[in-house]
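Asks: my questions are about this predicted structure, shown below with the sequence.
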Amino acid sequence: EHCRGLTSLSIGEWNDIGCDGATAIAANCQGLNSLTIGADNQIGSAGAVAIAKHCTSLTSLCIGEGNEIGSDGGAAIAHHCRKLKRISLEGWTDDRSGDTTIPQHYECLINGGFPSNVRIGIGRLTLMLVWC
C-alpha cells in the first residue's frame, strides 16, 4: 500500500516471501521497472503469474533459483511483460518433474513477442535476441 511509486525492488535470498508476499508486491507496486527476487523465496507459479499480470512495465526481471515458478509462471511472464529488456529466470522448473526444460522455456519466451535486444537467461544459459 505504501510503495505505489516504487520503480525498483530487490529482495535478497532466503526471505521466504512466498506466493502471498509476491502477490502483495505485484498488487501494490505496479509501477516497478526492475524486480529482483533472490533464491529460495518460494514465490511459486501463482506468485510469478501475479507479478506478470500486475507489473507489466518491468524492463528487468530476475528470479533466483528455488522459487519454482513453473510453466504457468513462465508463460505469464512471456505473455504480459512485453517491455522486458533483461530477464533471468533461474527458478523456472517444469511443474511435474522439477527438471528445467531449457529449449521449451526459450521457445516460450521467444514466441512471447519480446521486443528486440532482449537478454534472456535461464539457469546458466543466456540468449541475446536481436531483431532488425
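Replies: Perfect, thanks for sending it. Numbering: from 1, shown residues only.
Asks: mind listing the strands for this structure?
Replies: Applying DSSP state E to the chain gives strands spanning 8-11, 34-37, 60-63, 86-89, 118-122, 125-129.
Asks: Ser60 reaches Ser34, doesn't it?
Replies: Yes: using CB atoms under 8 Å, Ser60 makes contact with Ser34 at a distance of 4.3 Å. Every C-beta, even on glycine, is put in place using the N, C-alpha and C of the backbone.
Asks: now the helices for the chain?
Replies: Along the chain, the stretches classed as helices by DSSP state H are 18-28, 44-54, 70-80, 102-111.
Asks: I'd like the ones you listed as a markdown table, with mean neighbour count appended.
Replies: What follows is the helices of the chain, written out as a markdown table (neighbours: other CB atoms under 10 Å):
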| stretch | mean neighbour count |
| --- | --- |
| helix 18-28 | 18 |
| helix 44-54 | 23 |
| helix 70-80 | 21 |
| helix 102-111 | 15 |
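Asks: mean pLDDT and distance to Ile87 added to those helices, as CSV?
Replies: Shown next, in CSV, are the helices of the chain (pLDDT from 0 to 100; distance: least, CB to CB, whole Å):
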stretch, mean pLDDT, distance to Ile87
helix 18-28, 94, 16
helix 44-54, 95, 11
helix 70-80, 85, 7
helix 102-111, 53, 7
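Asks: what's the closest of the ones you listed to Leu6?
Replies: helix 18-28 (8.7 Å; CB to CB).
Asks: show residues contacting the closest one.
Replies: By CB atoms under 8 Å, 6 or more residues apart in numbering, the residues outside helix 18-28 that reach it are 1-4, 9, 15, 17, 35, 37, 41-44, 46-48, 50-51, 53-55.
Asks: swap in 10 Å and give it another go.
Replies: With contacts defined as CB atoms under 10 Å, 6 or more residues apart in numbering, helix 18-28 is touched by 1-4, 6, 9, 11, 15, 17, 32, 35, 37, 41-55, 63, 67, 69, 73.
Asks: likewise for stretch 46-54?
Replies: 17-30, 32, 35, 37, 41, 43-44, 58, 61, 63, 67-70, 72-81, 89, 91-92.
Asks: separation between Gly18 and Ser88?
Replies: Gly18 is 20 Å from Ser88, where distance means CB to CB, to the nearest Å.
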